[in-house]
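Student: build the 3D model from these lines:
(2 chains)
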Amino acid sequence: DIQMTQSPSSLSASVGDRVTITCRASQSVSSFLNWYQQKPGKVPKLLIYGASSLQSGVPSRFSGSGSGTDFSLTISSLQPEDFATYYCQQSHSTPQTFGQGTKVEIK
Amino acid sequence: EVQLLESGGGLVQPGGSLRLSCAASGFTFSSYAMSWVRQAPGKGLEWVSAISGSGLTTYYVDSVKGRFTISRDKSKNTLYLQMNSLRAEDTAVYYCATELGGWSRVFDSWGQGTLVTVSS
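Tutor: Presented below is the predicted three-dimensional model:
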C-alpha cells in the first residue's frame, strides 16, 4: 500500500496569510493526488484533483502542485472559512489512501 | 444536483452485522463507480470499498476483506455495504461517495454519513 504523509500535522495562521501544506507519497503516484477540506462536523469536500486541477466551485486562492512523490496545497490568502482540516489522497492505485490530515487553526 | 443519503447505522455488538444503504439521485447511477469511506471518531479518512458502475468489479481494503460486501441495485439507485463480524475498530462514520468522471478513485460527492458503533 502507498503511504501518504502530510506535514505539518497542524498549523496556526492568521487571516490573509499564505499557507502551504505538503504531502509525500511512499512511492510515485504520478499526478494522481487529490486534496480535500473537512470542517468540524461536516462532510469532506474535494478541492483539488490530479495534483493541480481545481474542482468546480472552489475559490482560486487554493492551488496544488507537485508530481511523483512530493506535493503541496497552497492557500494564497487565508480566509475565515478556510479554517479546517485538509487531507491529501492518492488515486494512483488501490487501496486509495489518505494522509493523516493537517489542521489549520486560527492564530 | 447529486444527492447521497446514507442510512442503516447504529449500535451493534462485536461480532454482529449491519447493512448500510446509500440512496442516490441527481445523476445516472449506473455510470459512476461508488465508494464507502469511513472516519473513526476524531481520526482521519479511510477508504473501505469501491464498486464499478456495472457492479461487476469490487475492491476492499485489507482490514475488511471477507467481512464486508459492497453491492448496488440499479433499479433502486442504491448502494449497499453489508458488514459482518463487526469489530470495535469498525466504529466510524461511514460515507458513501461518487467517483469523479465515473471511475477515478477521486471522491467528488459525499453523503452526510451514518454512524456505526460497535460496542458491547
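
Student: separation between A:Glu81 and chain B?
Tutor: 18 Å (Cβ to the nearest Cβ, to the nearest Å). All C-beta spots, glycine's among them, are computed from the backbone N, C-alpha and C.

Student: just to be sure, that residue is in a strand?
Tutor: No: read with DSSP: H, G, I helix; E, B strand; the rest coil, A:Glu81 is helix and lies in no strand.

Student: state the helix or strand in which the residue nearest the centre of chain B lies.
Tutor: For chain B, B:Trp36 is the residue whose C-alpha lies nearest the centre (Cα atoms, centre = their mean; 2.9 Å). Take DSSP states H and E as the rule and B:Trp36 turns out to sit in strand B:34-39.

Student: okay, angle between the very next helix or strand once past that strand and strand B:34-39 too, please.
Tutor: Downstream of strand B:34-39, the first helix or strand assigned by DSSP H and E is strand B:45-51. For strand B:45-51 against strand B:34-39, the angle by axes from the mean of the first three to the mean of the last three Cα atoms, to 10 degrees is 160 degrees.

Student: what comes up buried for strand B:45-51?
Tutor: B:45-51 (16 or more other Cβ atoms under 10 Å in any protein chain shown).

Student: residue 107: neighbour count?
Tutor: Going with chain A. Burial measure for A:Lys107: 9 neighbouring residues, criterion other Cβ atoms under 10 Å in any protein chain shown.

Student: let's do chain B instead
Tutor: Neighbours around B:Phe107, by other Cβ under 10 Å: 27.

Student: ok, now how distant is the residue lying closest to it once chain neighbours are set aside from B:Ser49?
Tutor: With sequence-adjacent residues excluded and distances taken as Cβ to Cβ, 6 or more residues apart in numbering or on different chains, B:Phe107 is closest to B:Ala97, at 3.9 Å. Distance of B:Ala97 to B:Ser49, given as Cβ to Cβ, to the nearest Å: 11 Å.

Student: what touches both of the two?
Tutor: B:35-36 (Cβ atoms under 8 Å, 6 or more residues apart in numbering or on different chains).

Student: residues in contact with the residue in chain A that chain B sits nearest to?
Tutor: Going by Cβ to the nearest Cβ, chain B is nearest to A:Ser91 of chain A, at 3.5 Å. A:Ser91 sits next to A:29, A:32-34, A:49, B:104-106 when contact means Cβ under 8 Å, 6+ apart.
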